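*Asks:* Here is my input, please return the structure:
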Amino acid sequence: MNVKDVIKDKPHVVYSVDQGSSVAAAIEQMMEHEIGALIVIKDDMPVGLLSERDVIKCWVNMGYGSTGLKGKRLFKDIKAHEVMSTNLIVVEPSDDLCYVMNVMIKNRIRHLPVVENKRLVGMLSMRDVVRTQVTNLQAENHYLKEYITDRYPG
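*Replies:* Numbering: from 1, shown residues only. Predicted coordinates:
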């Protein structure tokens, strides 16, 4: 099983935010679409990724949401490019799902942009990978049980 098998069932929308957008706007978009990360773009090209983890780091290091405590900035005044992750790890549609899981675990990341021919074609989340693996294991378990009990149609 590979990345292509997983993203084929997902909507072909990759949510993004302009690098000059505020962190507040990015948070609103993540909440609206119930997603955990956005691609950050500049001139229609991906330049980074803004995840829930980046928002938490921003909250701790730069601002305090909407309270505006002394010396801290509001999320509406902090730009996405200031807090985004820029050292992107990407995968390709042909990459094996076990390899992708290892990359995610090793690098402690939950979202991977999917790139094909230098073009962004999707976003893969840890949830997508786990859901696919669990479904495959359930099917395999079902067929093995039928095989063992002599009910396998074959």
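
*Asks:* Which residue lies nearest the spatial centre of this structure?
*Replies:* Geometric centre of the chain, nearest residue: His111, 2.5 Å, by C-alpha atoms, centre = their mean.

*Asks:* My read is that it contacts Met123, right?
*Replies:* Yes. Checked against C-beta atoms under 8 Å, the pair His111 and Met123 is within contact range at 6.1 Å. The way it works is simple: take the backbone N, C-alpha and C, and place the C-beta from them, glycine included.

*Asks:* What sits closest to the residue nearest to the centre of the chain if chain neighbours are left out?
*Replies:* Take His111 and drop its neighbours on the chain: the residue closest to it by C-beta to C-beta, 6 or more residues apart in numbering is Ala37, 4.0 Å away.

*Asks:* can you give me the helices in the protein?
*Replies:* Counting by DSSP state H, the chain has helices at residues 3-7, 23-33, 52-61, 80-83, 97-107, 126-148.

*Asks:* where does the chain have low pLDDT?
*Replies:* Scanning the chain for pLDDT under 70 picks out 63-71, 136, 138-139, 143, 151-154.

*Asks:* Touching stretch 79-90 from outside, list them.
*Replies:* Contacts of stretch 79-90 from elsewhere in the structure, counted by C-beta atoms under 8 Å, 6 or more residues apart in numbering, are 17-23, 26, 38, 40, 42, 46-51, 54-55, 57-58, 62, 103, 107, 109, 112-115.

*Asks:* So which bits of it are buried?
*Replies:* Along stretch 79-90, these residues count as buried under the neighbour rule (16 or more other C-beta atoms under 10 Å): 79-81, 83-85, 88, 90.

*Asks:* before we move on, what about stretch 5-13?
*Replies:* 6-7.
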